[in-house]
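**Q** just coords:
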């Protein structure tokens, strides 16, 4: 998914400015799932991360997902898969670095998880975040 912002006209060479400290950006895909968009700015080769965010794809999935995560620090993040009753089915750890991270998880490694709606929680970020996951 790509977001491109272009001015309608080129009047006075003005640019569209979006500031991460005042603007929340969210994209909606064809399945009506929402995805956080985080603004990044590089200064002297040091990445400044305004907000820690993550997303997963594909969703729905057969079990194999790719997680893209933007982190402010090097740390360990725990991903916890639960069913709709809150029962923990799977826990995965990921060591992340400051900046952009990408890794793959198989949520259904041993075909023990039935098709349905589940929740994947990321702990260890600034704020714990939960994403709905549909397993086919």
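**A** Perfect, I can see it now. These numbers come from a predicted model, not from an experiment.
**Q** State the distance from residue 64 to residue 105.
**A** According to CB to CB, to the nearest Å, residue 64 and residue 105 sit 8 Å apart. For every residue, glycine as well, the C-beta is placed using N, CA and C.
**Q** and what of residue 59?
**A** 12 Å.
**Q** Equivalent analysis for residue 91, please.
**A** 11 Å.
**Q** Check the contact lists of the two and give me the overlap.
**A** Counting by CB atoms under 8 Å, 6 or more residues apart in numbering, the shared contacts of residue 91 and residue 105 are residue 79.
**Q** Using neighbour counts, pick out the buried residues of stretch 95-102.
**A** 96, 99, 101 (16 or more other CB atoms under 10 Å).
**Q** I figured the second one was touching residue 69, is that so?
**A** No - with contact defined as CB atoms under 8 Å, residue 99 does not count as touching residue 69 (9.6 Å).
**Q** Mean pLDDT per element in the protein, and the minimum belongs to which helix or strand?
**A** Lowest by mean pLDDT, DSSP states H and E among the helices and strands of the chain is strand 40-43, with a mean of 42.
**Q** Show me where this structure dips below the pLDDT cut-off.
**A** Along the chain, segments meeting pLDDT under 70 span 1-30, 32-50.
**Q** Quick check: residue 134 touching residue 60?
**A** Yes - using CB under 8 Å, residue 134 is in contact with residue 60, at 3.8 Å.
**Q** Which secondary structure element is home to residue 65?
**A** Using DSSP states H and E, residue 65 sits in strand 64-71.
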